[in-house]
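> Model the structure of this input:
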Amino acid sequence: MNGHARRPRVLIVGSVVPALDRGGGCLALHRHFCDRNDFEVAVASRFAKGSTCPTRFELSYGRVLERIRGSSRMLENLSYRFPLFGQTQSLERFARAWSPDIVFNVADDTHSMSAYRLARTLSVPFAIHFQDLFAHSTFIPESQRPFTRMLSVLEDRYSFLQKNADEVFHTCAGMKAWFKEDARGEILYAIGGECSYKSARERRAWDSRKSKLVYAGNCYGSYGKMVLELARLLDGDPSISLEVFAMGNDWAAEDVEYFTERGVYLGYWPFERLREKFLSADGFLITMGFGEADRIFVQTSFPTKWCDYAPYGKPIFVWAPEYSSSARFVSETLAGELISESSAPSVIEAMARVFEDSEKRTKLGSAAMYIANHELSGQRLHELLRSRLISAVSRQRPSSVN
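Residues are numbered from 1 along each chain as shown. Below is the predicted model of the structure:
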């Protein structure tokens with residue numbers, strides 16, 4: 001790095017930016033780039049507002065067009081075809097003034113190609129992290145989903161970026177496998193929050209009280225339907241209670257009102273407040289959709305809930321199809337109880353068996369604690385990211401703009 005013992009300057013260009021209240025992907029970037037002091041960081045994004053990064057440059061199509069785009073599938077698809085149209089010059093001016101050592105991007109459908117071209121224009125390395133294949137997400141509104149013809153364009157773009165980036169990270173083995181023979185790069189799971197392992201091991205006496213199941217995550221699309229179905233079945237159950245923490249949902253208003261009043265749906269809590277709920281939980285829930293429309297997404301996505309649940313040493317119930325990334329992770333680590341049937345009653349039956357079996361509870365809790373210290377160790381994951389980015393900056397291997 002030019003002989004200077006200084007922190008590398010990382011410019012994050014993308015939809016996913018360091019933030020505390022915008023989902024697991026943003027929270028993971030916050031933990032890497034803001035909680036720790038290994039990099040000088042700036043953000044350039046259409047979603048820069050609200051980022052925890054102190055240096056921000058907001059990209060915008062303009063107030064009117066931004067409002068129209070949100071309700072027009074055609075305009076949204078045009079923004080996929082011509083990403084950051086009309087904003088590349090202002091982005092380049094900001095980047096040249098800030099002078100990054102590397103450009104970093106979490107793969108998305110509106111920033112990634114611009115981030116790649118910017119890195120090549122500046123003659124600095126480009127690093128990309130494939131957290132989700134957003135083009136295959138069923139969580140986004142219908143008005144924002146790519147048309148069939150655009151889907152192939154976006155898939156080709158993912159492949160191009162994976163092949164041409166200087167550093168590549170994949171959120172799980174399933175994501176890396178999606179690229180088939182062209183797959184390259186490191187597997188970088190989402191990084192969890194810090195946890196007091198001593199406190200996490202403390203358990204209340206197991207008696208005739210209800211066992212408390214906690215779900216903290218996505219309540220949209222198929223995931224939201226699964227959680228709602230489970231909430232309905234557990235409503236009034238004498239042995240198991242459910243608490244749901246989510247940034248939002250697409251449930252009917254009457255369902256939200258009912259389960260809020262029942263103390264089941266508790267809305268968004270920042271991670272610092274969630275710690276107390278995780279400590280008092282008896283088990284955690286991970287869901288991944290069973291529908292054919294979700295297949296590619298659940299194969300390639302890795303729920304960030306794994307990283308936050310595991311350090312608490314409690315049973316993790318994984319309600320997911322056999323082909324999902326979470327099912328694969330369970331088979332490799334034995335760190336969760338897999339329920340691979342789509343019916344909600346089968347989930348309740350599996351939970352009842354585990355909660356009634358002290359040996360099984362202890363075994364699952366110990367396995368969760370193990371992966372928290374190994375595969376999902378925050379120290380290990382951050383060091384992997386840090387070392388690879390520093391290596392890329394040291395190599396200084398730029399190539400021409402495409």
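
> Helices along the stretch 51-200 of the chain, start to end?
For the stretch 51-200 of the chain, the helices defined by DSSP state H, counting those that start in this stretch occupy 63-69, 73-81, 88-98, 112-122, 148-164, 173-178, 197-201.

> Just the endpoints, please. Distance across stretch 103-122?
9 Å (C-alpha to C-alpha, to the nearest Å).

> from the middle of its chain, how far away would that stretch be?
Counting by C-alpha atoms, centre = their mean, to the nearest Å, stretch 103-122 is centred 19 Å from the centre of its parent chain.

> Could you check how far stretch 93-104 is from the centre of its chain?
That offset, for stretch 93-104, works out to 25 Å (C-alpha atoms, centre = their mean).

> Give me the domain ranges for this structure.
Following automatic domain parsing, one gets these domains for the chain: 9-192+377-395, 197-373.

> Mean neighbour count for those domains - can I get that in CSV?
Using the backbone N, CA and C atoms, a C-beta is placed for each residue, glycine as well. As requested, the domains of the chain are exported to CSV (neighbours: other C-beta atoms under 10 Å):
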stretch, mean neighbour count
domain 9-192+377-395, 19
domain 197-373, 18
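
> coming back round to it: for the helices of the stretch 51-200 of the chain, which one sits closest to residue 293?
Of all the helices of the stretch 51-200 of the chain, it is helix 148-164 that lies closest to residue 293, at 12.1 Å by C-beta to C-beta.

> Can you tell me how far residue 95 is from residue 79?
Taking C-beta to C-beta, to the nearest Å as the measure, residue 95 falls 21 Å from residue 79.

> Quick check, residue 38 in contact with residue 10.
No - here residue 38 lies out of contact with residue 10, judged by C-beta atoms under 8 Å, at a distance of 9.2 Å.

> list the contacts for the residue nearest to residue 37 when sequence neighbours are not counted?
Leaving out its chain neighbours, the residue that sits closest to residue 37 by C-beta to C-beta, 6 or more residues apart in numbering is residue 7, at 7.5 Å. With contact set as C-beta atoms under 8 Å, 6 or more residues apart in numbering, residue 7 has these partners: 37, 38, 39, 40.

> what's the answer for residue 274, then?
216, 245, 308.

> try 7 Å
By C-beta atoms under 7 Å, 6 or more residues apart in numbering, the contact set of residue 274 is 216, 245.

> Please apply the same query to residue 109.
80, 134, 135, 154.

> quick one, phi/psi of residue 317?
Note on residue 317: backbone dihedrals following degrees, to the nearest 10 are phi -100, psi 120.

> Could you list the low-pLDDT ranges of this protein?
1-5, 61-70, 194-208, 397-402 (pLDDT under 70).

> what sits up against stretch 21-36?
By C-beta under 7 Å, 6+ apart, stretch 21-36 touches 10, 12, 16-20, 39, 41, 50, 52-53, 106, 131, 190-191, 193, 247, 268, 270-271, 304, 382, 385.

> Show me what the host helix or strand of residue 12 pairs with in its sheet, parallel or antiparallel.
Using DSSP states H and E, residue 12 sits in strand 9-13. Strand pairing for strand 9-13, determined by DSSP bridges: strand 40-45 (parallel), strand 102-106 (parallel).

> show me what contacts residue 71?
Residue 71 touches residue 143, counting by C-beta under 7 Å, 6+ apart.

> could you redo the last one with a cut-off of 10 Å?
Residue 71 makes contacts with 141, 143, 144, as judged by C-beta atoms under 10 Å, 6 or more residues apart in numbering.

> Could you dump these into CSV and include distance to residue 395?
Shown next, in CSV, are those (distance: C-beta to C-beta, whole Å):
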residue, distance to residue 395
141, 41
143, 42
144, 37
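
> Surely residue 236 touches residue 262?
Yes - contact criterion C-beta atoms under 10 Å: residue 236 and residue 262 qualify, at 9.1 Å.

> any idea how far the helix or strand containing residue 346 is from the chain center?
For residue 346, the host element (DSSP H and E) is helix 344-355. Offset of helix 344-355 from its chain centre (C-alpha atoms, centre = their mean): 27 Å.

> After that helix, which helix or strand is next? Please name it.
Next element after helix 344-355 (DSSP H and E): helix 358-373.

> Helix 344-355 and that following helix, what's the angle between them?
100 degrees (axes from the mean of the first three to the mean of the last three C-alpha atoms, to 10 degrees).

> Alpha carbons of helix 358-373, in CSV - could you do that?
Provided in CSV are the C-alpha atoms of helix 358-373 (Å, rounded to 0.1, in the frame of the first residue of the first chain):
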residue,chain,number,x,y,z
SER,A,358,-32.8,-32.9,27.9
GLU,A,359,-30.1,-34.9,26.2
LYS,A,360,-31.1,-33.8,22.7
ARG,A,361,-31.4,-30.1,23.9
THR,A,362,-27.9,-30.2,25.3
LYS,A,363,-26.5,-31.9,22.2
LEU,A,364,-28.1,-29.3,19.9
GLY,A,365,-27.0,-26.4,22.1
SER,A,366,-23.4,-27.6,22.2
ALA,A,367,-23.3,-28.0,18.5
ALA,A,368,-24.6,-24.5,18.0
MET,A,369,-22.0,-23.2,20.4
TYR,A,370,-19.3,-25.1,18.5
ILE,A,371,-20.1,-23.5,15.1
ALA,A,372,-20.2,-20.1,16.8
ASN,A,373,-16.6,-20.7,17.7
